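>>> let's see this in three dimensions:
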Amino acid sequence: MSKIKYTEKHEWLALDGDLIKVGITDFAQASLGDLVFVELPETDTAFNAGDEAAVIESVKAAGDISVPVAGTVVEVNEAIVEEPELVNRDPMGEGWFFKLRLDEGVNLDELMSEAEYQELIEE
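Model prediction:
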């Protein structure tokens, strides 16, 4: 897998060809507990950075997945709608949420590196 970036809201982003794959971190899924419901955005939906794009519910809580950077959803992971526990089993792999085509001028360098994210979750 390519270089991964992280957000303070515990999302990860990874370059996947010319697209960005988005999911939640292992820390996030462990904090949430067993996921029981996932609602994903529609493909071809454009989002600004920070917009809520997906809804998740676990045995402990409900929450939203934000779009970390501006872009358009080009693909969603239907497997996690049918089997939300995939996110718990493999949050950085098969449990991804959606893929974005980035808007022009988006800079991923503004997001956290793995080392910076590790510092955040250790606090």
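>>> use CA for all of it now, contacts and neighbours both
Will do.
>>> could you pull up the residues touching the nearest residue to Asn88 once chain neighbours are set aside?
Nearest non-adjacent residue to Asn88, counting by CA to CA, 6 or more residues apart in numbering: Gln29, 5.7 Å away. When contacts are counted by CA atoms under 8 Å, 6 or more residues apart in numbering, Gln29 is found next to Leu35, Val87, Asn88, Pro91.
>>> hang on, Gly105 in a strand?
No. Gly105: not assigned to a strand; according to DSSP: H, G, I helix; E, B strand; the rest coil it is coil.
>>> separation between it and Ile4?
To Ile4, Gly105 is 19 Å away according to CA to CA, to the nearest Å.
>>> ditto for Asp26
In terms of CA to CA, Asp26 sits 13 Å off from Ile4.
>>> picking up where we left off before, would you mind checking which of the contacts of Gln29 is nearest to Met112?
Distance to Met112 across these (CA to CA) is lowest for Pro91, with 17.8 Å.
>>> could you report the neighbour count for that closest one?
For Pro91, the count of nearby residues is 22 (other CA atoms under 10 Å).
>>> surely it is in contact with Phe27?
No. At 9.3 Å, Pro91 and Phe27 do not qualify as touching, with contact defined as CA atoms under 8 Å.
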